[in-house]
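Colleague: Build me a model from this:
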Amino acid sequence: MAFTTNLAHSLDALEGQVGSDAYKGDALENVLDRFLLAIEAAADTDMRTSILLLDNERRCLLHGAAPSLPRAYCDAIHGIEIGPSVGSCGTAAYVGHSIFVTDIASDPLWADFRDIALEHGLRSCWSTPIRSADDKVIGTFAIYHSTARAPTEEEILAIKGISGHVARALASFR
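Modeller: Okay, here's the model as predicted:
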C-alpha cells in the first residue's frame, strides 16, 4: 500500500495548488502534466499515463495531457469518437466504467489502434472514466505499460483515487 499512500499525499498537495494555478492563468495541460508526472514518479513499475477529455458534444476524446507518451501516438488518437470498441479510453468513456486491457496485441477493442500502439511499445492500457460532480463522464485517465499485464488490487484502488483528484482539478478550470 506504499504506492497508494505516497501517491495520495502527492496528489493532495498538487490538488491544493490547482485553484491558484488556474487563477494565475496556468494552462490546463501543464496542471494535468504535473499530476501525471507525480503518478509516474510514485509508481514502482515503468508506466506512462494520459488524460483525454470529452469534447463539448460528448462524442470525441481530445488530448488533455500525456507527458511521457510519444507525440505521434497522442496525435493519432486525438479526436477519436467514443464507442463500444475504441481502444481502452474510447470504450471506457462510452460504457462509463473502467476498461483494463492486459494485452493490446490480442484484444479486440484495440483492432483499429493496435498498430500505432505497438509501434510505440505500448502493450497494456487500463482506462477509467473521469466524472464531473454531477456524475457525467468528462474524460478518461489511462495507464500504459510496455509489457502485457493486468492491474494489481493496489493499482485499481490508486486509479479510483487518481480519477477523483483529476476530476476536482478539472472543475477548477471550468
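Colleague: Low-confidence ranges, this protein, go.
Modeller: Scanning the chain for pLDDT under 70 picks out 1-26, 174.
Colleague: Mind doing that once more with 80?
Modeller: 1-26, 172-174 (pLDDT under 80).
Colleague: Geometric centre of it: which residue is closest?
Modeller: Phe141 (2.0 Å; C-alpha atoms, centre = their mean).
Colleague: Which secondary structure state does that residue sit in?
Modeller: Under the three-state scheme (DSSP: H, G, I helix; E, B strand; the rest coil), Phe141 adopts strand.
Colleague: residue ranges of the helices in the chain, please?
Modeller: Applying DSSP state H to the chain gives helices spanning 2-23, 28-42, 71-77, 87-95, 114-119, 153-171.
Colleague: among these, which is nearest Gly64?
Modeller: helix 28-42 (5.4 Å; C-beta to C-beta). Where C-beta positions appear, they are placed from N, C-alpha and C, glycine not excepted.
Colleague: Tell me the buried residues in the closest one?
Modeller: Leu28, Val31, Leu32, Asp33, Arg34, Phe35, Leu36, Leu37, Ala38, Ile39, Glu40, Ala42 (16 or more other C-beta atoms under 10 Å).
Colleague: what's the angle between it and helix 153-171?
Modeller: 160 degrees (axes from the mean of the first three to the mean of the last three C-alpha atoms, to 10 degrees).
Colleague: can you dump the C-alpha coordinates of helix 28-42 into CSV?
Modeller: Taking C-alpha atoms only, helix 28-42 is exported to CSV below (Å, rounded to 0.1, in the frame of the first residue of the first chain):
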residue,chain,number,x,y,z
LEU,A,28,-4.8,23.1,-18.0
GLU,A,29,-2.4,20.8,-19.8
ASN,A,30,0.5,22.0,-17.6
VAL,A,31,-1.5,21.3,-14.5
LEU,A,32,-2.6,17.9,-15.7
ASP,A,33,1.0,17.1,-16.7
ARG,A,34,2.1,17.7,-13.1
PHE,A,35,-0.5,15.3,-11.9
LEU,A,36,0.6,12.6,-14.4
LEU,A,37,4.3,13.1,-13.7
ALA,A,38,3.7,12.7,-10.0
ILE,A,39,1.7,9.5,-10.6
GLU,A,40,4.5,8.1,-12.8
ALA,A,41,7.2,9.0,-10.3
ALA,A,42,5.3,7.3,-7.4
